[in-house]
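[1] kindly generate the corresponding structure for this input.
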Amino acid sequence: MENNRNLFITIILSVVILAAWQIFYIGPKIEAEKQAQIEQQATQQTETAAETPATTTEAGGTAPQAGTAPVMSETAADTAAESAGRITIDTPALTGSINLRGARFDDLKLKQYRETIKKDSPIVTLLQPAADPNGYFGEYGYIGVDGAPAADTVWQAPDGATLTQDSPVELTYTAPNGLVFKRTVSVDDKYMFQIKDSVTNSSGAAVALQQYGRVTRYSKPEKPPIYVLHEGLIGVTGDEGLTEIKYTKIEKEGEVKPGKSTDGWLGITDKYWAVTVIPEDGKSFQPHYAYYTEGRTRYQSDFLTDPVTINAGDTAQFDNLFFAGAKISTLLDGYKEKYNIRLFEKLIDWGWFFFITRPMFQLIDFLYHFLGNFGLAILATTVIVKAVFFPLANMSYASMARMKVVQPKMAEIKEKFGDDREKMQKAMMELYKTEKINPVAGCWPMLIQIPVFFSLYKVIYITIEMRQAPFFGWIQDLSAPDPSHVLNLFGLLPYDPSAIPVFGTFLAIGVWPLIMGITMFLQMRMNPTPPDPTQAMIFTWMPLIFMFMLSSFPAGLVIYWAWNNTLSIIQQGIIMKRNGAKIELFDNLKGLFGGKKKADAAK
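    Sure thing, here's the model as predicted:
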């Protein structure tokens with residue numbers, strides 16, 4: 001039965017490995033090739049410039065679809081858009097500008113983040129003008145009345161105005177029919193903008209306005225997302241709640257139109273960054289997600305409010321929020337509470353097992369602020385997880401140790417009953433009951449480790465707090481693979497193992513994957529070698545397979561696994577000694593390196 005249990009565990013691990021390889025490597029590789037073909041086709045299209053709403057404005061166009069934000073048609077007026085002028089943005093976290101044409105947020109960089117770990121690396125660019133091949137922007141506008149400010153409207157601003165966390169800017173626009181629009185834009189010291197509009201009706205007749213907000217993007221991320229992470233269109237609205245639409249899905253469906261809502265948000269998210277429009281809470285609006293192919297292909301998340309009637313001489317208020325920046329967990333939680341933004345923390349893809357993943361992150365983040373290093377926080381988290389599950393692991397290892405002690409009795413039962421499997425199983429069950437042994441207890445430490453492993457992988461991969469977080473020595477980014485290469489003697493041999501076609505990913509073995517492989521090897525050698533030749537072969541080669549497979553995983557995850565193996569070896573050794581069971585490690589090593597005959601002689 002013990003052999004069957006070992007085989008069962010081996011099969012489970014093998015399936016997990018193959019599935020992980022398919023998900024984390026083969027799938028993204030195929031998607032990357034597909035993405036390259038799409039981008040190549042996109043570059044062959046005629047690149048026109050800024051867009052304007054397809055409404056009855058000076059730029060012309062068609063009426064919007066009923067109940068959705070206006071479909072934006074292309075124009076060739078990007079140079080004119082740039083000549084409209086800009087308002088500088090300068091805060092502790094942001095630098096960039098607001099385009100006065102459309103009052104559009106289309107130039108934004110994140111001061112506190114760099115593209116790579118190099119000190120002279122450029123800071124991260126988030127938003128770019130529509131004329132750029134990677135155009136990406138957000139804006140608010142109006143439809144329903146001729147001349148209402150939209151994408152092609154030039155707003156007026158005071159000369160030399162600069163938007164800072166302490167100094168809002170005021171924009172104005174007067175429509176030909178007498179409507180007066182005033183927009184006050186303010187920003188905090190992070191990534192949240194407030195847009196407060198007032199519309200005074202001086203036209204002499206009642207008007208009905210609808211406000212729209214949109215986030216538009218002309219290109220996808222250079223690296224396609226892996227299975228465990230959502231990148232693309234996203235929002236929380238209405239009864240549907242969280243809506244996540246991958247780029248590939250919206251390309252197939254063209255558009256997604258959930259039911260109306262009176263609260264929520266929507267936008268586009270990347271691995272670490274996001275841009276969202278947040279409609280005024282309590283006012284009805286229609287959310288909408290789309291992929292447009294006319295002219296330049298583009299992706300868009302937008303909303304359109306219900307008509308608001310403004311009588312002659314009256315003034316209406318429109319208050320909205322605009323988020324553009326890093327997805328910092330505590331920051332999103334703070335915005336959620338401050339502005340009553342429903343499920344705003346869902347901008348971070350915690351996954352289906354968020355009830356494990358998020359507490360895991362919160363523990364690591366707490367320990368980081370105490371220890372000052374995310375690597376040390378991961379090591380401390382491993383110790384805490386071990387302590388939490390110590391009773392279960394103790395029971396498991398103790399049961400395994402007692403099973404080793406009664407091996408002679410088990411051998412006697414097998415010899416006594418021979419081929420009568422029914423009587424042999426019954427006798428075995430009686431033995432287990434008498435000796436208080438749980439024959440499946442040995443599975444629990446491994447089964448517990450799997451969800452913890454994947455939750456930690458998720459935390460390390462998706463949270464910006466772990467991005468470019470250093471450990472010690474050569475590990476300067478725990479979210480990236482170990483950069484050292486054992487197989488070229490750390491650069492002494494004149495070749496790069498990772499550059500070898502097909503097998504390069506496997507051959508890029510770093511020091512920490514090697515340490516992990518050794519600790520896994522030692523942990524498995526704590527148990528007797530299975531008598532079955534097939535199981536014995538798997539038993540021998542499993543650590544090597546894991547070492548190569550995990551070499552491309554984030555270094556933080558490999559460090560966790562190596563440290564967890566080390567603690568398991570110590571824990572299992574103490575429990576086995578306490579229960580009088582022989583520790584098989586040294587005999588197994590002798591049998592492996594000194595030959596089977598010497599091991600048999602030693603026994």
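[2] name the SS class of residue 561, please.
    The local conformation at residue 561, judged by DSSP: H, G, I helix; E, B strand; the rest coil, is helix.
[3] tell me which residues touch the spatially most distant residue from the centre of the chain, please.
    The centre of the chain is farthest from one residue, residue 416, which by CA atoms, centre = their mean lies 57.6 Å away. Contact analysis of residue 416 by CB atoms under 8 Å, 6 or more residues apart in numbering lists residue 427. The way it works is simple: take the backbone N, C-alpha and C, and place the C-beta from them, glycine included.
[4] where does it fall, secondary structure wise?
    Using DSSP states H and E, residue 416 sits in helix 407-417.
[5] repeat for residue 239
    Residue-wise, residue 239 maps onto no helix or strand under DSSP H and E.
[6] nearest spatial neighbour of it, chain-adjacent residues omitted?
    residue 259 (6.1 Å; CB to CB, 6 or more residues apart in numbering).
[7] A helix includes that neighbour, no?
    No. Per three-state DSSP, residue 259 lies outside any helix segment and is coil.
[8] residues contacting it?
    Counting by CB under 8 Å, 6+ apart, residue 259 has contacts 237-240.
[9] next: residue 85.
    Counting by CB under 8 Å, 6+ apart, residue 85 has contacts 100, 157.
[10] try residue 344
    236, 265, 332-333, 335-336.
[11] pull up the gap between residue 275 and residue 146, please.
    Residue 275 sits at a distance of 30 Å from residue 146 (criterion: CB to CB, to the nearest Å).
[12] the more surrounded of those two?
    residue 275 (24 against 13; other CB atoms under 10 Å).
[13] that one contacts residue 138, correct?
    Yes. If you go by CB atoms under 8 Å, residue 275 and residue 138 touch, sitting 5.5 Å apart.
[14] tell me the spacing between the closest residue to residue 330 other than its chain neighbours and residue 469.
    Leaving aside its chain neighbours, residue 330 sits nearest to residue 365 (7.9 Å; criterion: CB to CB, 6+ apart). Distance, residue 365 to residue 469, using CB to CB: 11 Å.
[15] do residue 571 as well
    For residue 571, the distance to residue 469 - CB to CB - is 28 Å.
[16] likewise for residue 174?
    In terms of CB to CB, residue 174 sits 51 Å off from residue 469.
[17] then the residue nearest to residue 330 would be within a strand, right?
    No. Counting by three-state DSSP, one finds residue 365 to be helix, located in no strand.
[18] show me what contacts it?
    329-330, 377, 465 are the contacts of residue 365 under CB under 8 Å, 6+ apart.
[19] Throw together a ChimeraX command that grabs the buried residues out of those.
    Burial among the contacts of residue 365 is assessed by 16 or more other CB atoms under 10 Å; the matching ChimeraX selection reads:
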select :329,377,465
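[20] in TSV, list the contacts of residue 365 along with distance to residue 513, pLDDT and secondary structure.
    Putting the contacts of residue 365 into TSV (distance: CB to CB, whole Å; pLDDT from 0 to 100; DSSP: H, G, I helix; E, B strand; the rest coil) gives the following:
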residue	distance to residue 513	pLDDT	secondary structure
329	29	94	helix
330	32	94	helix
377	21	94	helix
465	24	91	helix
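[21] and of the contacts of residue 365, the nearest to residue 422?
    Comparing the contacts of residue 365 against residue 422 with CB to CB picks out residue 377 as the nearest, at 53.2 Å.
[22] and the most centrally placed residue in the chain, what pLDDT?
    Central residue of the chain (CA atoms, centre = their mean): residue 462, 3.2 Å from the mean position. Here, the pLDDT recorded for residue 462 equals 89.
[23] and what of residue 41?
    41.
[24] start and end of stretch 413-422, how far apart?
    12 Å (CA to CA, to the nearest Å).
[25] do you know how far residue 395 is from residue 575?
    9 Å.
[26] to clarify, my last question referred to residue 568.
    10 Å.
[27] report the contact partners of residue 211.
    140-142, 197, 304-305, 308, 318, 320.
[28] quick one on the thing from earlier: check the contacts of residue 365 and tell me the two furthest apart.
    Farthest pair in these, by CB to CB: 330 and 377, 15.3 Å.
[29] could you give the average pLDDT over stretch 379-389?
    Here the average pLDDT along stretch 379-389 is 88.
[30] residue 338 - that's part of a helix, no?
    Yes. Under three-state DSSP, residue 338 sits within a helix.
[31] okay, now it: neighbour count?
    11.
[32] distance check, the closest residue in space to residue 482 that isn't next to it in sequence against residue 564.
    Excluding the flanking residues, the one nearest residue 482 by CB to CB, 6+ apart is residue 510, at 2.7 Å. Using CB to CB, residue 510 is found at 18 Å from residue 564.
[33] what's the answer for residue 346, then?
    Distance from residue 346 to residue 564, by CB to CB: 30 Å.
[34] look at those two and report which has more neighbours.
    Set side by side, residue 346 and residue 564 show more neighbours around residue 564, with 25 against 21, by other CB under 10 Å.
[35] that one against residue 386, yeah?
    Yes. Counting by CB under 8 Å, residue 564 touches residue 386, with 7.4 Å between them.
[36] ok, and for stretch 152-171, which residues are buried?
    Buried, per 16+ other CB under 10 Å, within stretch 152-171: 152-155, 157, 161, 163-164, 169, 171.
[37] possible to save the residues you listed as CSV with pLDDT?
    Below are the buried residues of stretch 152-171 laid out as CSV (pLDDT from 0 to 100):
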residue, pLDDT
152, 89
153, 92
154, 94
155, 95
157, 93
161, 90
163, 97
164, 96
169, 97
171, 96
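[38] ok, which pair from the residues you listed is furthest apart?
    152 and 164 (27.7 Å).
[39] now do the residue farthest from the centre of the chain against residue 312, distance only.
    Residue 416 is 103 Å from residue 312, by CB to CB.
[40] same check, this time on residue 114
    54 Å.
[41] so what's the residue count around the nearest residue to residue 413 once chain neighbours are set aside?
    Spatially, and ignoring its direct neighbours in sequence, residue 413 is nearest to residue 427 (4.7 Å; CB to CB, 6+ apart). Other residues lying near residue 427 total 18 when counted by other CB under 10 Å.
[42] same thing with residue 244?
    15.
[43] nearest residue to it other than its sequence neighbours?
    residue 230 (4.7 Å).
[44] how about the contacts made by that neighbour?
    244, 246, 269, 349.
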